[in-house]
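Chemist: Below is the structure, and that's it, no one-letter string:
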């Protein structure tokens, strides 16, 4: 008797956020990732709707990595009746805990501020989830090692494989009755400053492939030289360089690059401030898991000593009031929340300020608006004119570009029955679909949000 595998795309379908993929087979329900929708308002509003599935029947959640768009929905899932295991590598679960706690704190603070200053339509404004609900979530975490097959039952096994996107990140291989289902997670890049090259799958019958940069090649640019020029111009104008940064990986990479530029005498001893409570915690993860990255203990300690790591909100204001030219690295990377909003609120209308965007900016985020040349930006219910210069460095992305994705695929020895393109905007997905067809002649499909497919084994 043939068995059917049902797969429902609960997020990360024709969008880069909200990754959630439900696999149902042999009376078992497994969720790959459990992410939050971010960016466009229509997407964000989906977060408040219960998932259109039997949540209580999900037994296991497997996490590719700890970013919010892959783990940020976990507390809500528990609220809807999930009571199973949440499994990931040790660094992934450590990152997920940090990110969820930080997210809950920001949501509670913003709800409190919105209610106090009455710029909310909701009476009252409520946090999406609370710190207490995050604690309940973390209690369900279960660490599993990388590169080892683990049986879920007699028919289904899984394996985590290093993929170099952030510390702890993996792609996931599922063996379902002898058929290989591969979920790429977010694929990293070769020759990264901090991480080892991604491992690649050698077999896939059904492949679920991220497509964030499916239509782009990262520019070949001298990052160190570009940063050096921007910093020198900041000093010449006696201004401030503000770098909104993702707290995981990007922030630590920027710290490392700036530290190396100083070591090489390419930049003077300009004050560098890192203002990201979550980023500070992630630094500790690098210390705890040295086998997951390339940063030596000597460089780690010297880098942390050279850079001013802000510990309190009071120090945020001291940094803003500091009259010296300086570099400020602060979360969040898409300018959706976090400490960077405080700096921009005070300095975005100053022509001597430079804002440097160094990562992907999703549709509907302030970062995307800045990148596209918005003349004003809204913070906390008020509009602020953008007089600061807005620059970008696109080549620091933690995602593989189109060539990187094709290289990752090229290790697969068999011909997959179907490649499903996920975690990408439609333009990127269509471009990658054509490229995969031309390069490998593989059948490729672009699923819709909440679509369910059935695969007969």
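Modeler: Structure's in. What do you need? Predicted model, so just to flag it, every value in this text is computed and none were measured.
Chemist: Outline the domain layout of this protein.
Modeler: Domain ranges of the chain: 4-216+398-456, 223-396, per automatic domain parsing.
Chemist: Mean neighbour count and mean pLDDT for those - can I get that in TSV?
Modeler: Where C-beta positions appear, they are placed from N, C-alpha and C, glycine not excepted. Shown next, in TSV, are those (neighbours: other CB atoms under 10 Å; pLDDT from 0 to 100):
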stretch	mean neighbour count	mean pLDDT
domain 4-216+398-456	19	95
domain 223-396	18	93
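Chemist: quick one, what contacts residue 187?
Modeler: Contacts of residue 187 were listed using CB atoms under 8 Å, 6 or more residues apart in numbering, and they are 163-165, 171, 198, 210, 399-400, 404-405, 408.
Chemist: how near is it to residue 251?
Modeler: Noted for residue 187: a distance of 20 Å to residue 251, by CB to CB, to the nearest Å.
Chemist: ok, now residue 34?
Modeler: Taking CB to CB, one finds residue 34 at 24 Å from residue 251.
Chemist: repeat for residue 173
Modeler: From residue 173 to residue 251 the distance is 30 Å (CB to CB).
Chemist: What of residue 2?
Modeler: Distance check for residue 2 against residue 251: by CB to CB, it reads 49 Å.
Chemist: Please apply the same query to residue 128.
Modeler: 23 Å.
Chemist: Now do the phi/psi pair for the residue nearest the centre of the chain.
Modeler: Of all residues in the chain, the one closest to the mean position by CA atoms, centre = their mean is residue 67, 4.1 Å from it. Dihedral angles of residue 67 (phi, psi; degrees, to the nearest 10) stand at phi -70, psi 150.
Chemist: try residue 208
Modeler: phi -110, psi 100.
Chemist: which residues touch it?
Modeler: Here residue 208 is in contact with 21, 32, 181-184, 420, 422 (criterion: CB under 8 Å, 6+ apart).
Chemist: hey, what's it bridged with?
Modeler: Under DSSP bridges, the beta-bridge partners of residue 208 are residue 183, residue 420.
Chemist: do you know how far it is from residue 135?
Modeler: Look at residue 208 and residue 135: by CB to CB, they are 31 Å apart.
Chemist: For the stretch 201-350 of the chain, just list every one of the strands.
Modeler: Ranges of strands in the stretch 201-350 of the chain, per DSSP state E, counting those that start in this stretch, are 206-210, 240-244, 272-275, 308-309, 326-330.
Chemist: For those strands, could you give me TSV that also reports distance to residue 444?
Modeler: Output for the strands of the stretch 201-350 of the chain, formatted as TSV (distance: least, CB to CB, whole Å):
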stretch	distance to residue 444
strand 206-210	9
strand 240-244	34
strand 272-275	41
strand 308-309	45
strand 326-330	38
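Chemist: contacting residues around residue 451?
Modeler: 8-9, 13.
Chemist: and the residue nearest to residue 369 when sequence neighbours are not counted, helix, strand or coil?
Modeler: Closest residue to residue 369 apart from its sequence neighbours, by CB to CB, 6 or more residues apart in numbering: residue 377 at 6.2 Å. Taking DSSP: H, G, I helix; E, B strand; the rest coil as the rule, one finds residue 377 in the strand state.
Chemist: for residue 390, same thing?
Modeler: strand.
Chemist: ok, now how distant is it from residue 373?
Modeler: For residue 390 relative to residue 373 (CB to CB), the value is 7 Å.
Chemist: for residue 4, same thing?
Modeler: 50 Å.
Chemist: got it, and residue 435?
Modeler: Residue 435 is 29 Å from residue 373, by CB to CB.
Chemist: same check, this time on residue 52
Modeler: Distance, residue 52 to residue 373, using CB to CB: 38 Å.
Chemist: picking up where we left off before, can you list the contacts of residue 451 in CSV and add secondary structure and distance to residue 95?
Modeler: Formatted as CSV, these follow (DSSP: H, G, I helix; E, B strand; the rest coil; distance: CB to CB, whole Å):
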residue, secondary structure, distance to residue 95
8, strand, 26
9, strand, 24
13, coil, 24
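Chemist: What helix or strand is residue 43 located in?
Modeler: In this structure, residue 43 sits in helix 41-46 according to DSSP states H and E.
Chemist: Packing partners of whichever strand or helix holds residue 180?
Modeler: Taking DSSP H and E as the criterion, residue 180 maps to strand 179-183. Other elements packing on strand 179-183 under the criterion 3 or more CB pairs under 8 Å, 6 or more residues apart in numbering; DSSP states H and E are strand 170-176, strand 206-210.
Chemist: how does it look with 10 Å?
Modeler: strand 4-11, strand 20-25, strand 28-32, strand 156-162, strand 170-176, strand 206-210, strand 418-422 (3 or more CB pairs under 10 Å, 6 or more residues apart in numbering; DSSP states H and E).
Chemist: And the next helix or strand past the last one?
Modeler: Stepping forward along the backbone from strand 418-422, the first helix or strand reached (DSSP H and E) is helix 426-440.
Chemist: chain center to that following helix: distance?
Modeler: 23 Å (CA atoms, centre = their mean, to the nearest Å).
Chemist: And for stretch 397-410?
Modeler: With CA atoms, centre = their mean, you get 16 Å for stretch 397-410.
Chemist: First-to-last residue distance for that stretch?
Modeler: Terminal residues of stretch 397-410 are spaced 21 Å apart (CA to CA, to the nearest Å).
Chemist: Stretch 7-25 too?
Modeler: 9 Å.
Chemist: residues contacting the closest residue to residue 226 other than its chain neighbours?
Modeler: Of all residues not flanking residue 226 in the chain, residue 393 sits nearest, at 6.1 Å (CB to CB, 6+ apart). The neighbourhood of residue 393, defined by CB atoms under 10 Å, 6 or more residues apart in numbering, consists of 219, 221, 223, 226-227, 230, 243, 254, 356-359.
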